[in-house]
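Engineer: Below are the sequence and a predicted model; questions follow.
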Amino acid sequence: MTILKALSGRRPTKAAGSRARPLAAVVACAVVGVLPMASPGTAGAAPAPATGVVVAAGAPGEGGTLDAWHIGGIPVQRAGVQSVSTAGGAAFSVGFGFAGTGRDLVFQPLAARWNGQAWTVDEVPLPPGAEDARLDGVVALNARDAWAVGSWQGGGQEHQLITHWDGTAWRTSDAATVPGGLNAVAATGPNDVWATGFSQNEDGSTKAAVRHWDGRAWTDMDLKADTGDAPWSRYWVSSISAVSPNDVWLVGVGNLAVHYDGRTWTRTPISPDRNAWFEHVRTSPVFGTWAVGFYTALGTPREPAAFRWDGTAWQRMPLPQDSGAQLEDVAFTATGPVGVGYSMDPQYGPHAYGLTLPAWPGDTPRHLEMPHGASQLNAAAAGPGGIGLWIVGDAPNDYETPAPFTAWALVPPRSS
């Protein structure tokens, strides 16, 4: 979970798992782009870092290839970028922006589109009666077909939000006032789109939610998990990955990993000896299904965690025991999977963090050189054929809120 998710109050904190209502209103931010074949250029005017600056460095490695990361500016001073997806040369990213200060701070709807040279702003319409909203997940099928999910607030009630990009505009796809919120979305094709998050019971309690698009309508999936004293459907679900209508994965808090085979949702054992919080699950036809996040225990710093499904069981991947670090996402480049996130320094706060992940026997994870100016990375996505990598997240700002951060590299540099 990103720091901004905790700030908004709509996502459980790592320590307590609360969903306290935020002081500020929330609105959605979406960024849409075309993956560049070279530097993204000199678009926009994000305050930190400057657009077009080419930088690479950061703990634990210093130096390295200085022309590896190309900063792509978003023309918004205050925002957090939460998710990114690429398909057919197109890149989409979503999050939320800010307006106001102090206790009057509110989140504003924001959408921008990358035209290969610069970012332009597009509107994200909200359902009638919406007072605020946010987007937390996006999946792109091509440059004219993408889905984004999140939540909106109206009349004192939080609702699930689904919006669709048709190549011309963002349009609210599902206006049903389903209480709750959506965290992530995945798709195998235009008629097979999956979204996950939470819904609310009549008594105000929450439960896991999965919705499916079949090309005509969104339907709620029956999870059939409400058995026993602690059914997994009461857990927080962070992410979803789909290979086909009969091969879907969910991950979340409390060592949660659940598989759907087209008929039954089945929880699978993962990390039995350590408590793990999984932020993302993704599947590659080459590298398989991966779940990433962090290990957590009361009174001890977090450590990065990564697991790979071998077809019958989850296998723990050997990673450096970097104190205070966590992985937020995994992307599959041509040279192997890459994990990104952030590491929390007790004195200086968060800074961007990245690793190559061991895809094959004998592989050794390597730290990546991270670009200056990124305080945390929330998501990553590789380009067509695994060539190039987008990273998105937050950067330091002169204001009380962060600045949006995006960067691209043809080959992410590894530390020496």
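Structural biologist: Noted; the coordinates are in hand.

Engineer: CA atoms for contacts and neighbours, from now on please.
Structural biologist: Noted.

Engineer: Helices of the protein, start to end?
Structural biologist: For the chain, the helices defined by DSSP state H cover 3-8.

Engineer: excluding its backbone neighbours, what's nearest Val81?
Structural biologist: Of all residues not flanking Val81 in the chain, Gly95 sits nearest, at 4.4 Å (CA to CA, 6 or more residues apart in numbering).

Engineer: The one you found touches Leu135, doesn't it?
Structural biologist: Yes: in this structure, Gly95 is within contact of Leu135 by CA atoms under 8 Å, at 5.1 Å.

Engineer: coming back round to it: quick check: the residue nearest to Val81 vs Ser151, distance?
Structural biologist: 11 Å (CA to CA, to the nearest Å).

Engineer: Spell out which residues are contacts of both of those two.
Structural biologist: 134-135 (CA atoms under 8 Å, 6 or more residues apart in numbering).

Engineer: Who has more neighbours out of the two?
Structural biologist: Set Gly95 next to Ser151 and count neighbours by other CA atoms under 10 Å: Gly95 wins out with 32 against 27.

Engineer: Bridged to that one, which residues?
Structural biologist: Cys29, Val81 (DSSP bridges).

Engineer: same question, Thr172
Structural biologist: Under the criterion used (DSSP bridges), Thr172 bridges to Thr163.

Engineer: pLDDT value on it, please?
Structural biologist: pLDDT for Thr172: 90.

Engineer: So it is in contact with Trp165, correct?
Structural biologist: No: if you go by CA under 8 Å, Thr172 and Trp165 don't touch, sitting 9.1 Å apart.

Engineer: out of those two, which sits in the more crowded spot?
Structural biologist: Just comparing Thr172 and Trp165: by other CA under 10 Å the higher neighbour count belongs to Trp165, 21 against 18.

Engineer: Just list the residues touching the more buried one, thanks.
Structural biologist: Taking CA under 8 Å, 6+ apart, we find Trp165 in contact with 144-147, 171.

Engineer: how far is stretch 187-198 from where the chain is centred?
Structural biologist: Relative to the centre of its chain, stretch 187-198 is centred 15 Å away, using CA atoms, centre = their mean, to the nearest Å.

Engineer: residues in contact with it?
Structural biologist: Here stretch 187-198 has contacts from 139, 141, 145, 149, 180-186, 206-216, 236-245, using CA under 8 Å, 6+ apart.

Engineer: Give me the distance between the two termini of that stretch.
Structural biologist: So stretch 187-198: terminal residues 19 Å apart, CA to CA.

Engineer: Could you check how many residues crowd around Pro365?
Structural biologist: By other CA under 10 Å, 18 other residues sit near Pro365.

Engineer: State the distance from it to Ala208.
Structural biologist: 33 Å.

Engineer: swap in Leu110?
Structural biologist: Distance from Leu110 to Ala208, by CA to CA: 28 Å.

Engineer: Trp69 now?
Structural biologist: Distance, Trp69 to Ala208, using CA to CA: 38 Å.

Engineer: and the closest residue in space to Thr168 that isn't next to it in sequence, how far is that from Ile391?
Structural biologist: Using CA to CA, 6+ apart and skipping residues adjacent in sequence, the residue nearest Thr168 is Arg144, 7.6 Å away. When CA to CA is the yardstick, Arg144 and Ile391 sit 22 Å from each other.

Engineer: Redo the contacts of Trp165 as a markdown table? Include neighbour count and distance to Thr312.
Structural biologist: Output for those, formatted as a markdown table (neighbours: other CA atoms under 10 Å; distance: CA to CA, whole Å):
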| residue | neighbour count | distance to Thr312 |
| --- | --- | --- |
| Arg144 | 13 | 37 |
| Asp145 | 17 | 34 |
| Ala146 | 25 | 32 |
| Trp147 | 27 | 31 |
| Arg171 | 17 | 40 |
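
Engineer: residues near Ala217, how many?
Structural biologist: Count around Ala217 with other CA under 10 Å applied: 11.

Engineer: Kindly report the same for Asp192.
Structural biologist: Residues near Asp192, counting by other CA under 10 Å, number 16.

Engineer: now swap in Gly155 and tell me
Structural biologist: Number of residues near Gly155 (other CA under 10 Å) recorded here: 8.

Engineer: Pull the contacting residues for it.
Structural biologist: Residues in contact with Gly155 (CA under 8 Å, 6+ apart) are 129, 131.

Engineer: again, but for the one 5 residues further on
Structural biologist: If you count contacts by CA under 8 Å, 6+ apart, Gln160 has them with 149-152, 177-182, 199.

Engineer: ok now stretch 123-142, how far from the chain's centre?
Structural biologist: Stretch 123-142 sits 15 Å away from the centroid of its parent chain (CA atoms, centre = their mean).

Engineer: Just the CA trace of it, in CSV.
Structural biologist: Extracted C-alpha coordinates of stretch 123-142, given in CSV (Å, rounded to 0.1, in the frame of the first residue of the first chain):
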residue,chain,number,x,y,z
GLU,A,123,-11.9,14.9,-18.0
VAL,A,124,-12.9,11.9,-15.9
PRO,A,125,-16.7,12.1,-15.4
LEU,A,126,-18.2,10.9,-12.2
PRO,A,127,-21.6,9.4,-11.4
PRO,A,128,-24.5,11.8,-10.5
GLY,A,129,-24.2,12.9,-6.9
ALA,A,130,-20.5,12.1,-6.6
GLU,A,131,-18.8,14.5,-4.2
ASP,A,132,-15.3,13.0,-4.6
ALA,A,133,-13.6,10.0,-6.2
ARG,A,134,-10.3,8.2,-6.8
LEU,A,135,-8.8,5.7,-9.2
ASP,A,136,-6.6,2.9,-7.9
GLY,A,137,-6.2,0.5,-10.8
VAL,A,138,-6.0,0.5,-14.6
VAL,A,139,-5.7,-2.1,-17.4
ALA,A,140,-5.1,-1.3,-21.1
LEU,A,141,-6.1,-3.6,-23.9
ASN,A,142,-5.0,-1.1,-26.6
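
Engineer: Just the buried positions in that stretch, please.
Structural biologist: Buried positions in stretch 123-142, judged by neighbour count with 16 or more other CA atoms under 10 Å: 124-127, 130-142.
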